[in-house]
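**Q** sequence unknown, structure follows:
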């Protein structure tokens, strides 16, 4: 069997990549994708622990996470579309009038 | 429960403020009269305090109970906080000073306040309640609330009715003093918690108490002890707040700004009473709660006080603006008061208390005096005046009297206080000669700067522009004369004031001497 | 295949949240079908009514304590008190929005149900006793807020704010869920009681609990975002500035209170045995929050942003009550939240009165001479500012006194010290507004608009602040009673 | 066998993630992310959660990613990063932080030790849809309901956020007339 | 009876003061009331003195407490006055001379618009002076001490429109304050060491309040502590008192205010700055004599200061043109004599000289006032000359006064000065004796010069028409002239013991000062008389024969011989200049530096700087708030990494 730690490390790596994506990418779409990646990494961890403990709770949690992720993405994309209409850009750096 | 006379005195001005609130905004004259009425009634009732307090003094010089007119109503019972007010010999005269100056100040607004009169009166009344509250509160939290609340009306008085740079001055006043007192809040909390933790050991179920008397008695009885470091830290926090309020050198820089910009009435209250809150706090809290730390810090504080005496005097001398001059003279005089307090003996502390009253009367009167000229010419530059003695003889005479009282001429009030303070400092084992040398220099310099001011305004040739200045109006005359009466009275018969102080100050000093004995 | 047996559910314990959520759903329909455009205020009134009903419904629950939904939800006095706070916050927010939306031309009936949903989310956060419920409640609240933030359509800043909030919110959610995963991995449960039991079962050895600690850290980070603790605070000023002012007000008090309420349950309920780990972390966060929040406000000329920074600073103060982990601390937290909620709502309400259609009036200069135009408004604002600064005799002072006492008692004297020092710094910018209003001449013509809803808000807030400041006993008693039978772990 | 599968799927997941990060074109990113999701789904399968495997593929790959692609295409926002980066200094810092996060994970992992998954075979029903469903409707009844509300709100949100665009357009026309 | 009677003495003038301040608006009434009150006070004093004299010697101390003044802690000071022989002498002088000067003032101040105020001040002055001399404790003495200072300020600055007068008034008060500061310190020290400020034991409310003068022997006999301690205490206190006396009695180095004080009305100069106030220092030293006697160190200082003052002022008097400045420097010089006498232990001689000087110097001042009055406010002697025909009464009385001052037998000055010189010889104060002797020669010289300049030769300036003063002014002159002739017989030396009232003063003061009557020294007497007559004649001769050389605004003929030395004398050896450069200018500089630089920029700069610092940090934080959501995420992540990093450290 593959040790739990391998999975967790993998999930951590994915999480880190997701974080990195938020930090360096300017395309709002890609930023959203990176967030999704983070959530997925968490899901992987949850499932791993569920398997380790042989309790299904972890898997149920994943179910909720996915739902929430979907809801967030939906709102996010709606917002993006709304912004795009006036501002014609999906570059998050362009949306920076509020500052100081 | 008998008639709560102390609460009446305390809250009457606040009620007066409410009453004023009901008046229409434009009714200036009416507002002034109502305000004056409230002030006079407050003062008259407060005289009841005096007559109520005194008999026990005359019956047996040392047997008077320390606290009188005690009123105690639970306020936050689960914390042991109560609405607890009372008078003792330390606060008696300060309360009377406040109520005495109150009508005087209101009277002076006829001439010095011309816009938003009603609101001015409201703030004045609120301020009075807050200041009385500080003096009578026997509960730490209550004390702190009154203490901080004084800032608000005063800030507005300076900021709305002040001179050209009023907003800066108001801001500085508020922030400086506020910053000073936040640490005190922490110290109050610390004291409260430490006290509760200490007492709960012997008294299970004790919820804590912010009652000043309770904490002091526990400290004296040894039920509640503070280790040296803690005591010094707490002392420092309290002291800083008071030192800024006093203001002790080098925390004084807010004072000239505040005074110069404040309207006359504001300056009078500020100098007359507000500064006393600090020195009062030093006696009531620093000495009572932290005797050992007070002893420890006394030489250093006395040194600051003495520096303040001389420094304030020198800087006052160099001023060309009358109000600034008087403001810096306050720094000098308040230095005397702090010196007296930290002489840590009866002579010093009673002298300081008396000097608080004196300073309130004299410096308050000096600000009124400056205000008189300011209202006529709208300048306070010394160079603008000269020779006024000729056309304003009554004014000149009263000014001279007041200036001399401030300079400490024997026979007037200032001297008694200064002398007693210096005697106290001389008798204090930790102070003595070097301090006295400088303090006495302050006495000399007081004459120098006050006479400089007097000479520049009243002597010499009368300038063309000042030819037509009228002498004091009836109202101005009344205001100043009212102040001059106690100035002379105290100078000749200070025993009247000293009497009631003895027991209360004695208690404080006894607390200190316990420490000295243990040292 | 076995039939699924649905466990018994005690809906009584859920009554407030059910009322709010159900009312909101019904209101959505009513709004769409029964209320014509331009008269959407009716929806608002109905929403307020719903919140009031919920508050009444909650009344008989005062003496009820219990869990339901397999222990995922907990009703106790603590949550009930908070529930009332949230309901009040919601109602006051709606009251101030009624006219605002119309004036800004962004009136849409959905606004009010959304606020109600948010309130429901907050109540859930206070009642939740399982990490997953907390997570979902947070998301419920957050998604609602994303929408509400982006509500002021023609203003791009509103959408920008929503976007920033959403990106960072989702980012934080990632941390949150990862933290839950790690805790689940370490303890095998997500229930607060379960986690507590796990920790209580053995002596706490940090070396053996890295996974749990990492999870705690991640959750702390996520909550740090929600509560706007430094350094997770940076969204706050931008989002507050961009969002419609009532929403900013709502967020500044409601979200904060809800998130802190849940955080309190997690830290003081479930993770108390691990306090030695999270206390230094939270302590430093609290210190940084107090310092940076207040310093940030110092440089602001934009009052709305200033209030945002100030809300950051205040989060730091409240945090003291939470992390100290004592009863007094929890009381202090509740008291502070009540005082702060009233004060901040009032302050924002005043800001709203100055906002005209199409232009923001948030510059400090816009407050100049307010006293001459609207004396009462200025006095109320001054009261709010003094309360925020912690000057007696206002509720804000008593609240500060409460938390600092709690902190000092709990051995967090150094944080109390930072607290008092930063509140001295904070006095500067609060005072600035006061001075502006009373002592400066007006710089431009700006007629504040005061309607019924706002007046009500300001009057209620002002009166209560003063009352609590002078007679804190009822509230103190309330928060003290709130602790009786507080469960959660 | 398991290990090999894990390594392959893991590698694919990582490659997908990194590629998503690197891709200049948002559409490519989406596709790489899809690859990553798929790989994770495989891992789910390895971890005996077939139901989640299915969900992952349908909801993520099928719904969310399509939504992404749709929006990207709709907005034509494939390449928005042609302009120079105004805060380029952030890139190395971000990388550093990412690495730091990873390092923390590795160190923490090493500390915890590499406990293998429990050797015992899971019961056959472990992770099957039925058991999940059962839990969902019993223990997780409340969260389940909440997710429902969340989705409802999301719907409202989408409507609110895009409906008034139309409204204002209309009103704009009205005022324009 | 005496206990209440003596209260009348100071209270009568006080009543006059109050009446004048509050009720009287008329010149005539003011003068009459004021004079009447002082005269009444004088009469009461006489009565009291006679009653006192009737008592046995050891009971000649009447004390009367009005009320408790300061009572706090250990500090107890009654508001109480006393009458003893020394006080009686001083009181008689004050009220007697005071009454004459009041009467004189009616004429002198006639027509002045503020004359009511003038009399009020004068009455107040007498009150304060009486409190000074009658006080039974240091503190009340100090009240009078500063009170007379105040009146001096008011009267010097009476014509406050004149810048010179205003400056002189302030200068007088301030310089006096320096002395007063030392006085305060002395009082503090006295109280700290003796526990009381009363001079003598006082029975009050059944308790005995000790007097410190009677405890000095106890201190001197202290057995514990190092042997120098009691002496050190006495030295410290008496030295401080000496400084105090230097201020009030215009001794080196604090004498500079007195010549300037002549800016006031001339009767004021006579009363305050010659006869009474300035002698307060001498009185005080006599009163606290046991303290001084206990400290040889201080005593030697006292002698030297007195002698130096006498000489410096005497030499300065020679070179003055202003009629009053001559007299002012002369006063300083004579005060130096008194102080020196005190230092030598000849307290009775000092008091004696004080008395006689009070009389003849008042006479001289009033005479000069008469001259000034008669010459329409002319004070520059270069504008005078030949006035003896125009104002004969003034001339003759003036000559009497001048001769008395110069020490011509048998006028008052001779006897008192001679007693001092004889004492110096008897106790071997040789260097001081020589200085004092030289000074007495100078005295005779400048008086001769003055008489010559004023009354002889031709009137050098004709802008005025000289005339004799009115009766109300000349009568006091005559009375004082008689006094100047007779006062010396109050205290004849032992040689004349057979005569009536020989060494009357010494005997009278014996209960207080415990001195034996002075011996007559023929050698000294002869030398002094010869010197006085000789130098007086020389001065007269030099300035009558050179009268033609004296021009209005011109130099003195003697300048031709002495050169710059004359300038030095005219400037009183540049002491004022020294003060200006060493004290006043640096003080102003310091004040300006502190007020304009250090306070606003140093201290306040620090305060404001703290505020600025916060603002600066806040500005920096604002920069970080860049508006880029990615930056926010970056900071977020940083925080996260730090927390996780801490976790690793924590779980190590």
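**A** Arrived safely, thanks for sending. Only a predicted model underlies this, so the values are computations on that prediction, with no experimental measurement involved.
**Q** Quick check: longest helix in the chain by residues?
**A** Since you didn't name a chain, this refers to chain A. Residue-count comparison of every helix in chain A, with assignments taken from DSSP state H, identifies helix A:57-87 as the longest.
**Q** Wait, chain E was what I had in mind.
**A** The helix spanning the most residues in chain E, taking DSSP H as the definition, is helix E:163-194.
**Q** Show me what counts as buried in that helix.
**A** Of all the residues in helix E:163-194, those buried under the rule 16 or more other C-beta atoms under 10 Å in any protein chain shown are E:165-191, E:193-194. For the C-beta atoms, the positions are set from N, CA and C on the backbone; glycine is no exception.
**Q** Could you name the helices and strands sitting against the longest helix of chain A?
**A** Under the contact criterion of 3 or more C-beta pairs under 8 Å, 6 or more residues apart in numbering or on different chains; DSSP states H and E, helix A:57-87 touches helix A:28-53, helix C:131-149, helix C:156-187, helix D:50-55, helix D:65-75, helix D:129-137, helix D:141-176.
**Q** Any chance of CSV for those, columns distance to residue E:281 and mean neighbour count?
**A** Rendered in CSV, the data for the helices and strands packed on helix A:57-87 read as follows (distance: least, C-beta to C-beta, whole Å; neighbours: other C-beta atoms under 10 Å in any protein chain shown):
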stretch, distance to residue E:281, mean neighbour count
helix A:28-53, 93, 28
helix C:131-149, 86, 28
helix C:156-187, 84, 26
helix D:50-55, 109, 20
helix D:65-75, 102, 17
helix D:129-137, 107, 17
helix D:141-176, 96, 17
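**Q** Quick check: which of these is nearest to residue B:16?
**A** Of all those, helix C:131-149 sits nearest to residue B:16, with 47.2 Å by C-beta to C-beta.
**Q** Now the longest helix of chain E: average pLDDT?
**A** On average, the pLDDT along helix E:163-194 is 92.
**Q** which strands and helices sit next to it?
**A** Applying 3+ C-beta pairs under 8 Å, 6+ apart, we find helix E:163-194 packed against helix B:413-427, helix B:433-458, helix E:138-156, helix E:228-248, helix E:257-260.
**Q** Could you tell me the least trusted of the ones you listed?
**A** Least confident of those, judged by mean pLDDT, is helix E:228-248 with a mean of 87.
**Q** got the angle for that one vs helix B:433-458?
**A** Angle, helix E:228-248 to helix B:433-458, by axes from the mean of the first three to the mean of the last three C-alpha atoms, to 10 degrees: 10 degrees.
**Q** just checking, what packs against helix E:228-248?
**A** Helix E:228-248 is packed against helix E:138-156, helix E:163-194, helix E:216-220, helix E:280-287, helix E:289-293, helix E:296-318, with contacts defined by 3+ C-beta pairs under 8 Å, 6+ apart.
**Q** out of those helices, nearest to residue B:382?
**A** Ranking those by their distance to residue B:382 (criterion: C-beta to C-beta) puts helix E:163-194 first, at 13.1 Å.
**Q** what does the stretch 51-200 of chain B put close to chain E?
**A** Those residues of the stretch 51-200 of chain B that sit near chain E, judged by C-beta under 8 Å from any C-beta of the partner chain, are B:175, B:176.
**Q** Check which helix or strand the closest residue to chain E within the stretch 51-200 of chain B maps to.
**A** The stretch 51-200 of chain B approaches chain E most closely through residue B:176 (7.0 Å), counting by C-beta to the nearest C-beta. Take DSSP states H and E as the rule and residue B:176 turns out to sit in helix B:166-202.
**Q** does any bit of the helix or strand that that helix is followed by sit next to chain C?
**A** The first helix or strand that comes after helix B:166-202 along the chain, using DSSP H and E, is helix B:212-221. No - with C-beta under 8 Å from any C-beta as the threshold, helix B:212-221 lies outside contact range of chain C, at a closest distance of 15.2 Å.
**Q** Low-confidence ranges, the chain, go.
**A** Defaulting to chain A. A:1 (pLDDT under 70).
**Q** Chain B was what I was after
**A** Segments of chain B classed as low confidence (criterion: pLDDT under 70) are B:1, B:54-65, B:518-519.
**Q** rewinding a little: so which of the helices and strands packed on helix A:57-87 is nearest residue B:334?
**A** For the helices and strands packed on helix A:57-87, the distance to residue B:334 is smallest for helix C:156-187, at 52.2 Å, taking C-beta to C-beta.
**Q** ok, residue B:277 touching residue B:150?
**A** Yes - in this structure, residue B:277 is within contact of residue B:150 by C-beta atoms under 8 Å, at 6.8 Å.
**Q** before we move on, the earlier item: got the angle for the longest helix of chain A vs helix C:131-149?
**A** For helix A:57-87 and helix C:131-149, the angle between their directions (the same axes, to 10 degrees) works out to 10 degrees.
**Q** Which of the residues in helix A:57-87 are classified as buried?
**A** Residues A:57-84 are the ones in helix A:57-87 that count as buried (16+ other C-beta under 10 Å).
**Q** Who are the packing partners of the helix holding residue B:176?
**A** The contact analysis (3+ C-beta pairs under 8 Å, 6+ apart) places helix B:166-202 against helix B:140-149, helix B:151-161, helix B:212-221, helix B:228-245, helix B:254-261, helix C:395-409, helix C:413-439.
**Q** Thanks again, I'm all set now.
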